[in-house]
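Colleague: curious how this folds, go ahead:
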Amino acid sequence: MSQKAYIPTAILEVSPLPLELTQTLTLREHARRLTQELGFLDSGFVDLRQIPQNQGMMDYIAEGRHGEMGWLEQSMPIRSNPAQTIGRHFPSALMLSYSYYHPQNQKTRHDNGISIYAQGRDYHKVLEPKLKQIGTTLANLIPGLKTRWYCDTGPISEKLLAEAAGLGWIGKSSNLISKHHGSYFFLACILMNAELTDYNPHSNHCGTCVRCIQHCPTKAITDNQKIDARLCLSYQTIEKRSGSEPSLMGLGTYIYGCDDCQTVCPYNRFSKTSMDSQFLSNHKYSPQWFANLNEEEFLKEFSGSPIRRIGYKNFMRNLILNLPQQKNWPQQEISQSLKKHSDPMVRTMANQYL
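Modeller: Purely as a prediction, here's the structure:
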């Protein structure tokens with residue numbers, strides 16, 4: 001697959017910056033202190049110029065396994081080959097991990113069908129101010145230093161860079177896994193035009209374990225690090241804007257996201273409880289409450305939540321399609337609420353599928 005990489009102008013305008021030894025030491029020490037003070041689990045620098053092109057990521061697009069995620073196709077030449085794209089302008093990156101794990105969210109996940117990471121506040125809103133503080137502080141330390149920060153918001157493969165920085169390895173589920181922290185964490189990236197030489201790719205410790213492959217309810221993990229997003233419930237319930245598939249929604253127990261490949265990962269027994277209470281589950285979240293929301297209430301109540309981005313129609317569609325799978329929910333009560341809903345769109349879907 002041949003596709004020209006589109007690199008944002010804000011990156012093209014920046015040139016690499018050689019550092020003196022004292023500047024490098026200052027940068028490292030301040031980055032270590034800041035990331036610890038702001039609650040990040042782990043951090044590591046990486047020289048983007050040393051990361052080899054990842055052909056598997058290009059194959060993912062060429063084979064159409066990305067589904068309707070056109071934005072991913074557009075940015076994949078950059079994501080899969082940072083050395084020859086972004087690395088020419090921002091040669092290095094500070095990679096960060098930040099825990100979202102709260103044990104009580106494991107229980108509420110079963111109660112409301114929402115993935116653990118989305119039980120509370122939108123992680124972008126939590127992490128971006130922290131990244132800005134780190135990026136701005138470091139840039140002010142060294143003359144000529146430029147920084148750009150991303151948290152699932154730019155043409156960056158955070159997992160690829162984090163693995164090269166030594167934060168963990170990309171497991172068979174395609175999640176980044178840490179021996180010390182499991183996988184219940186967000187990744188973030190601060191690009192820098194500083195010329196550093198760090199390259200410490202983490203070795204893979206999955207071994208012969210195939211629990212994530214066996215436990216995936218839709219068999220979306222087809223092989224080691226080979227995912228078909230079109231089958232994945234996270235894709236179906238979040239990214240598939242044309243609407244989730246009834247046949248697949250009947251296989252899992254989620255209405256937003258999916259955690260099944262992570263819940264069985266043995267390394268998640270080492271997960272660290274997040275210091276951030278903003279990721280704790282919203283006490284309002286329940287299927288009965290969801291079923292009675294109108295669109296105006298949905299937009300208001302989910303303001304500041306990652307759930308808001310999928311929109312009212314797809315959220316209610318997910319609830320309706322997955323309701324028959326939720327054996328511990330008061331199905332009859334919820335079904336009647338949906339069939340008598342004030343919104344004609346919801347009523348139509350409920351009467352069609354329930």
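Colleague: now the helix or strand harbouring Tyr60: mean pLDDT?
Modeller: Using DSSP states H and E, Tyr60 sits in helix 55-62. Average pLDDT, helix 55-62: 92.
Colleague: which of the residues in that helix are buried?
Modeller: Met57, Met58, Tyr60, Ile61 (16 or more other CB atoms under 10 Å). C-beta: built from backbone N, CA, C; applies to glycine.
Colleague: CA atoms of that helix as CSV?
Modeller: Extracted C-alpha coordinates of helix 55-62, given in CSV (Å, rounded to 0.1, in the frame of the first residue of the first chain):
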residue,chain,number,x,y,z
GLN,A,55,4.5,-3.1,8.2
GLY,A,56,1.8,-4.9,10.2
MET,A,57,0.1,-1.5,10.8
MET,A,58,0.0,-0.8,7.1
ASP,A,59,-1.3,-4.3,6.4
TYR,A,60,-4.1,-3.6,8.9
ILE,A,61,-5.3,-0.8,6.6
ALA,A,62,-4.6,-2.6,3.3
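Colleague: which is the next helix or strand following it?
Modeller: Following helix 55-62 in sequence, per DSSP H and E, is helix 70-79.
Colleague: touching that next one from outside, list them.
Modeller: Helix 70-79 is contacted by residues 3-7, 57-58, 60-61, 66, 85-86, 155-157, 160 when judged by CB atoms under 8 Å, 6 or more residues apart in numbering.
Colleague: re earlier: any idea how far the helix holding Tyr60 is from the chain center?
Modeller: The chain centre lies 19 Å from the centre of helix 55-62; the measure is CA atoms, centre = their mean, to the nearest Å.
Colleague: find the residue ranges of this protein scoring beneath the pLDDT cut-off.
Modeller: 1-5 (pLDDT under 70).
Colleague: picking that back up, dump the buried residues of helix 55-62 to TSV, plus distance to Glu13.
Modeller: Listed next are the buried residues of helix 55-62 as TSV, based on distance: CB to CB, whole Å:
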residue	distance to Glu13
Met57	26
Met58	27
Tyr60	30
Ile61	27
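Colleague: quick check, nearest of those residues to Trp289?
Modeller: For those, the minimum distance to Trp289 (CB to CB) is 37.2 Å, reached by Tyr60.
Colleague: contacting residues for the closest one?
Modeller: Tyr60 sits next to His66, Met76, Ile227 when contact means CB under 8 Å, 6+ apart.
Colleague: wait, the first one touches Ala229, no?
Modeller: Translated: His66. Yes - contact criterion CB atoms under 8 Å: His66 and Ala229 qualify, at 5.6 Å.
Colleague: coming back round to it: out of the buried residues of helix 55-62, who's nearest Thr35?
Modeller: Checking those against Thr35 by CB to CB gives Met57 as the nearest, at 27.0 Å.
Colleague: spatially nearest residue to the closest one (excluding sequence neighbours)?
Modeller: Counting by CB to CB, 6 or more residues apart in numbering, Ser80 is the residue found nearest to Met57 once chain neighbours are left out, at 3.9 Å.
Colleague: surely that neighbour and Ser157 touch.
Modeller: Yes - Ser80 is within contact range of Ser157, at 7.0 Å (criterion: CB under 8 Å).
Colleague: find the residues that touch each one of the two.
Modeller: Joint contacts of Ser80 and Ser157 (CB under 8 Å, 6+ apart) are Asn54, Met57.
Colleague: pull out the buried residues from stretch 141-158.
Modeller: Neighbour counts over stretch 141-158 (16+ other CB under 10 Å) mark 142, 145-151, 154-158 as buried.
Colleague: could you tell me the end-to-end distance of it?
Modeller: 25 Å (CA to CA, to the nearest Å).
Colleague: does the residue nearest to Pro266 when sequence neighbours are not counted sit in a helix, a strand or a coil?
Modeller: Nearest residue to Pro266 in three dimensions, chain neighbours excluded: Cys209, at 6.7 Å (CB to CB, 6+ apart). The local conformation at Cys209, judged by DSSP: H, G, I helix; E, B strand; the rest coil, is coil.
Colleague: same check, this time on Ala93
Modeller: When classified by three-state DSSP, Ala93 comes out as strand.
Colleague: touching, it and Met192? I think so.
Modeller: Yes - using CB under 8 Å, Ala93 is in contact with Met192, at 6.6 Å.
Colleague: neighbour count winner among those two?
Modeller: Ala93 (33 against 28; other CB atoms under 10 Å).
Colleague: contacting residues around that one?
Modeller: Contacts of Ala93 by CB under 8 Å, 6+ apart are Phe45, Val46, Leu48, Leu161, Ala165, Cys189, Ile190, Leu191, Met192.
Colleague: distance from the chain centre to stretch 51-62, please.
Modeller: 19 Å.
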